[in-house]
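[1] Next comes the sequence, and after it the predicted model I'd like to discuss.
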Amino acid sequence: MSEKIWANSGDSHLVEPEDIWQTSMPSRLADRMPRSVKDPDGQWETIYVDGQQWRRRMPRPGTIGVPVGFDPDTQEHAPGANDPDLRLKDLDQEGVWGEVIYPSLGIWAHNIGDPHLLREGSRALNDWAIAFQNHSSRYVCAAAVPLLDIDDAVAEVQRTAGLGIHIAFFPTKEPFGRPPFQSAEWEPLWSAMEEASMVVGFHIGVEPHTPDKRTAVIHRGPGGALLNFGENTFGVQRCTMQMIASGVLDRHPNLKVLNSEGGATWGPLIADRLDEAYRAHGAAVQPRLSKLPSEYLYSQVYATFQHDRSAIPTHTAMGWRNVMWGSDYPHHEGTYPHTQKVLHELFDDIGPEASHRIRIGAFCDLFPHVPPIPGA
């Protein structure tokens with residue numbers, strides 16, 4: 001533990017200012033954008049989005065995975081949660097160099113059903129993220145894409161790419177009323193993203209909630225918390241299969257997919273299952289692909305993990321070179337403020353080539369514009 005280990009993060013987050021939309025949009029629109037209200041006792045949070053609301057229990061300090069002193073309202077345990085200069089101090093302390101940065105409150109915007117509101121809200125969120133990213137070449141902020149209208153989506157991808165954005169984030173299920181991601185209707189968006197060299201970023205846990213669902217949980221009772229967390233990972237697996245099976249990655253060989261926070265061990269399993277289906281049930285397969293499904297996963301699909309011990313053998317023993325570490329900073333289930341301990345536990349006993357690839361190299365494949373880690 002005496003030597004600092006450096007890594008890039010394929011999964012981190014911003015914590016948006018509470019007034020992010022009030023300062024950038026007319027009040028009649030801003031009041032309908034996502035906002036969080038904590039109960040006075042700090043135990044529950046209510047998320048309001050465009051006339052809908054969801055309740056969820058807040059993390060409790062001192063429980064497993066939640067540091068003592070954690071304040072979910074102020075993020076005091078992570079000073080750089082929404083301050084770009086303080087964030088660099090946190091990253092240097094933790095040994096994190098470049099990082100992909102998704103929104104936090106902004107992910108709830110996928111529950112909006114008004115295309116105009118979503119377009120304007122996404123634009124305001126992206127403008128704030130771009131200004132944040134401009135503070136350091138180490139930041140890779142993800143753009144919000146207004147998915148309710150394909151023309152709006154394409155236009156915002158092109159606009160943000162022109163302003164220096166290199167990744168757009170997607171929910172792990174299409175918005176209400178929109179066709180599944182394997183549908184041909186999305187083809188102009190994939191073309192625009194490939195042309196802009198923009199990565200498709202699927203992040204777990206950001207799928208839209210049904211309008212009649214007033215809590216952000218699925219399972220209750222014995223084992224409910226573990227079931228909810230475990231099933232969270234299924235979304236990125238489904239999206240990966242959609243992108244491969246529908247031929248999106250075949251038609252767009254330069255398009256890359258990053259699956260964040262859903263672990264990585266599932267990759268070879270998905271590759272094997274799709275290959276088996278392609279061989280055994282070829283008569284029913286449409287469209288025909290120019291390669292086996294596994295070849296697209298191994299060449300165009302990436303996945304991040306935080307603590308998973310099984311993720312490293314996925315690379316070293318199963319050959320998936322696109323496994324990437326991520327910190328999930330500043331969220332409470334991430335590695336802050338004990339990132340060095342986590343990195344040493346994961347990488348001290350593996351070879352230097354594999355260690356470098358997972359900590360640094362896979363990230364650099366997707367974001368070569370980020371300057372190299374000094375001395376790494």
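    Yep, it's here.
[2] Name the helix or strand of this structure that has the lowest mean pLDDT.
    helix 224-232 (a mean of 75; mean pLDDT, DSSP states H and E).
[3] Only alpha carbons, please: show the helix or strand just after that one as CSV.
    Sequence order places helix 234-245 as the next helix or strand after helix 224-232, per DSSP states H and E. Extracted in CSV, the C-alpha atoms of helix 234-245 (Å, rounded to 0.1, in the frame of the first residue of the first chain):
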residue,chain,number,x,y,z
PHE,A,234,-29.6,-6.9,-16.2
GLY,A,235,-30.4,-3.7,-18.1
VAL,A,236,-26.9,-3.2,-19.6
GLN,A,237,-26.8,-6.8,-20.6
ARG,A,238,-30.1,-6.5,-22.4
CYS,A,239,-29.0,-3.3,-24.2
THR,A,240,-25.8,-5.0,-25.2
MET,A,241,-27.7,-7.9,-26.8
GLN,A,242,-30.0,-5.4,-28.5
MET,A,243,-27.1,-3.6,-30.1
ILE,A,244,-25.5,-6.8,-31.3
ALA,A,245,-28.5,-8.9,-32.3
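[4] Can you tell me what sits against helix 234-245?
    170-173, 180-182, 200, 202-205, 207, 248-249, 257, 259-260, 262, 266-267, 270, 274, 289, 293, 296-297, 301, 303 (CB atoms under 8 Å, 6 or more residues apart in numbering). In short, each C-beta sits where N, CA and C put it, glycine included.
[5] helix/strand/coil for residue 303?
    Secondary structure assignment for residue 303 (DSSP: H, G, I helix; E, B strand; the rest coil): strand.
[6] got the contact list for it?
    Contacts of residue 303 (CB under 8 Å, 6+ apart): 236, 258, 259, 260, 262, 263, 264, 266, 267, 322, 323, 324.
[7] ok, of those residues, which one's closest to residue 220?
    Relative to residue 220, the closest of the contacts of residue 303 is residue 262; by CB to CB it sits at 22.6 Å.
[8] Might one say that the closest one is in contact with residue 229?
    No: when contacts are counted by CB atoms under 8 Å, residue 262 is not listed as touching residue 229 (10.8 Å).
[9] Looking at the two, which has the bigger crowd around it?
    residue 262 (24 against 13; other CB atoms under 10 Å).
[10] How about the backbone phi and psi for the more buried one?
    Main-chain dihedrals, residue 262, degrees, to the nearest 10: phi -100, psi 20.
[11] could you measure it against residue 233, distance?
    4 Å (CB to CB, to the nearest Å).
[12] Quickly list what's touching both of these two.
    Jointly contacting residue 262 and residue 233 under the rule CB under 8 Å, 6+ apart are residue 204.
[13] picking that back up, now, the contacts of helix 234-245 that are in helices?
    Among the contacts of helix 234-245, the ones falling in helices (DSSP state H) are 248, 249, 266, 267, 270, 274, 293, 296, 297.
[14] now the strands: where do they sit in the stretch 1-150 of the chain?
    Taking DSSP state E, counting those that start in this stretch, the strands of the stretch 1-150 of the chain run over residues 7-13, 35-38, 44-49, 52-57, 96-102, 139-144.
[15] which helices and strands sit right next to the first one?
    It stands for strand 7-13. strand 96-102, strand 257-260, strand 301-305, strand 323-325, helix 362-366 (3 or more CB pairs under 8 Å, 6 or more residues apart in numbering; DSSP states H and E).
[16] Quick check: which of the ones you listed is nearest to residue 225?
    strand 301-305 (19.8 Å).
[17] Now do the buried residues in the helix or strand just after that closest one.
    Downstream of strand 301-305, the next assigned helix or strand under DSSP H and E is helix 311-316. Going by neighbour count (16 or more other CB atoms under 10 Å), the buried part of helix 311-316 is 311, 312, 314, 315, 316.
[18] Quick one: residues contacting the fourth one.
    This means residue 315. 264, 321, 323, 354, 357, 358.
[19] Check residue 376 too.
    6, 97, 356, 360.
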